[in-house]
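In: fold the stuff below for me.
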Amino acid sequence: MPEWIEIFLKTLLSVVVLFFMTKLLGKRQVSQLSLFEYITGITIGNLAAYISLEKDWYLGLVSLAAWVACSLGIEFLQLKSKKMRDFIDGKGTVLIRDGKVLEDNLKKERLTTDELMEQLRKRSVFKVADVEFAIMEPDGDINVLLARKNQPLTAKHLGIQVAPEQEPQAVIMDGEIMDEALATIGLNRGWLKTELDKLGVTIENVFLGQVDSYSQLYVDLFDDKIMVPVPQEKANLFATLKKCEGDLMLFGLTTNNKAAKEMYEQCSKQMEELIAQLEPVLKR
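Out: Below you'll find the predicted structure:
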């Protein structure tokens, strides 16, 4: 066998072996690497290159298997023991507490003030005094908690009850219907065709179609020049409810019948309460 064919076949073998070994090690090997996982990744890459080029390539496979087994064993120990996790991955280091930089911890992590400020700016924080708590995680990432007065307002701060939202389901991809996604939200192809007819588009022209938790269909077409109307079901329902409230108030003001006036006023108050409850949902 020519040497170039042999190298080609061994390279393919090393790619396949490396892929399955990486899958075996799990997703953390790709992201959020600890120090040991970083070393393991470099070593496995070198061993894969060895398998591709050396004649005694099977020895590379043995070494690769040993490294993977060692890595899996350490991950198992980390799952079972916090002491092992702290020893291998290390602990988080507090850098800022109550708006004050902890200089000793900064020196311990060999982090300069400029680097700290750069990390804060990446999180849209420009004043250390605005930070309640900042910690450097074992993977080197810095997480920041703003002081309560500097946190952005949320519905909870305003005392507004917001309905839970389910994740949108992609029901059309590349012009193909995703039946599993439709079934997940309790819809079918007939409903989808009706919604597309309302928008005046065909399935073949849809690059991506998503349905939110309120069964509203949003589509992105292959042709970006074509404008598609945004779903208005919630806005229309809110407007209809407000119109009903207004009509009830008007009937109560125009009628001369005392009993009817009281009935309309009572219904108007009930409608007002209903709208107040639904407004956080319908105006999202």
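
In: any idea which element the spatially closest residue to residue 145 that is not a sequence neighbour lies in?
Out: Of all residues not flanking residue 145 in the chain, residue 133 sits nearest, at 4.3 Å (C-beta to C-beta, 6 or more residues apart in numbering). For the C-beta atoms, the positions are set from N, CA and C on the backbone; glycine is no exception. For residue 133, the enclosing helix or strand under DSSP states H and E is strand 131-136.

In: so which elements touch whatever helix or strand comes next after that strand?
Out: Next along the chain after strand 131-136, taking DSSP H and E as the criterion, comes strand 142-146. Contact here means 3 or more C-beta pairs under 8 Å, 6 or more residues apart in numbering; DSSP states H and E; on that basis strand 142-146 packs against helix 113-122, strand 131-136.

In: give me the residues contacting strand 142-146.
Out: Residues from elsewhere that reach strand 142-146 (C-beta atoms under 8 Å, 6 or more residues apart in numbering): 95-96, 116, 119-120, 123, 125, 130-137.

In: which one of the residues you listed sits closest to residue 156?
Out: The closest of the contacts of strand 142-146 to residue 156 turns out to be residue 132 (C-beta to C-beta; 17.5 Å).

In: neighbours of that closest one, how many?
Out: By other C-beta atoms under 10 Å, the residues close to residue 132 number 16.

In: and the pLDDT at the residue nearest to it when sequence neighbours are not counted?
Out: With sequence-adjacent residues excluded and distances taken as C-beta to C-beta, 6+ apart, residue 132 is closest to residue 147, at 4.4 Å. Each residue has a pLDDT score; the one for residue 147 is 90.

In: what bits of the stretch 101-250 of the chain have low per-residue confidence?
Out: Applying pLDDT under 70 to the stretch 101-250 of the chain flags residues 155, 158, 160-165, 229-233, 235.

In: ranges for the strands of the stretch 151-284 of the chain?
Out: 169-173, 176-177, 206-211, 217-221 (DSSP state E, counting those that start in this stretch).
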